[in-house]
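Enquirer: The sequence and its predicted three-dimensional model are supplied below.
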Amino acid sequence: MGLLLRLAVFAGLGVDAYVHIKLAGDAGHTGTITASTLFWVQGILAGVVAVLVLVRPRPVPYLIAFLVAASALGAVLLYRYVDVGTLGPLPEMYEPVWYTDKVLAAVAEAVATVAAAIGFAVTAKTPGAVGAGRRRSVDA
């Protein structure tokens, strides 16, 4: 089950990374922080975290993966259904339509979110998972 969870998180965040980087060039280029910049950051972050979970399936990487995937899913759903307007330096990103890349990213983010949550729960319960690298002092 551990390998399946790692692969699900890896695939979900990998697809998320691909879609965000692909769409970064077409995203808005106005404002203090542009939509294009946000898409680049999300894409790179998702890609790095996907690899991290694949090579180090521990509670902390799973927690980071959960946060990255859930925040991306939350953002796509929020900006699909609510016209938030600009939030401080963040641009207006309301887009009340679904299209192939957006659906693909949302499904991938949902898969990664659920798999990362399960992965975190499973690895956090494993004996020695947290602090497994600590040395024990031996009394002489």
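Expert: It's in.

Enquirer: What are the buried residues along the helix or strand L3 falls within?
Expert: Under the assignment given by DSSP states H and E, the secondary-structure element containing L3 is helix 2-24. For helix 2-24, burial by neighbour count (16 or more other C-beta atoms under 10 Å) applies to 5-6, 8-21, 23-24. Heads up, the C-betas are built off the backbone N, CA and C, glycines and all.

Enquirer: just how off-centre is that helix within its chain?
Expert: In terms of C-alpha atoms, centre = their mean, to the nearest Å, the gap separating the centre of helix 2-24 from the centre of its chain is 8 Å.

Enquirer: From L104, how far off is T86?
Expert: According to C-beta to C-beta, to the nearest Å, T86 stands 27 Å off from L104.

Enquirer: Counting neighbours, go ahead and name the busier of the two.
Expert: When neighbours are counted by other C-beta atoms under 10 Å, T86 and L104 differ, and L104 comes out ahead with 15 against 11.

Enquirer: Excluding residues flanking it in the chain, which one is nearest F120?
Expert: Spatially, and ignoring its direct neighbours in sequence, F120 is nearest to Y62 (3.9 Å; C-beta to C-beta, 6 or more residues apart in numbering).

Enquirer: can you pull the contacts of that neighbour?
Expert: Under the criterion of C-beta atoms under 8 Å, 6 or more residues apart in numbering, the neighbours of Y62 are V9, V53, A116, A117, G119, F120, T123.

Enquirer: And it, how far from A108?
Expert: With distances defined as C-beta to C-beta, the gap from Y62 to A108 amounts to 17 Å.

Enquirer: ok, back up a step: now do the helix holding L3: everything it contacts.
Expert: Contacts with helix 2-24, where a contact means C-beta under 8 Å, 6+ apart, come from 36, 39-40, 42-44, 46-47, 49-51, 53-54, 57, 62, 65, 68-69, 72, 101-102, 104-105, 108-116, 118-119, 122.

Enquirer: go with 7 Å
Expert: Outside helix 2-24, the residues that touch it by C-beta atoms under 7 Å, 6 or more residues apart in numbering are 36, 39-40, 42-43, 46-47, 49-50, 53-54, 57, 65, 68-69, 72, 101, 104-105, 108-109, 111-112, 115-116, 118-119, 122.
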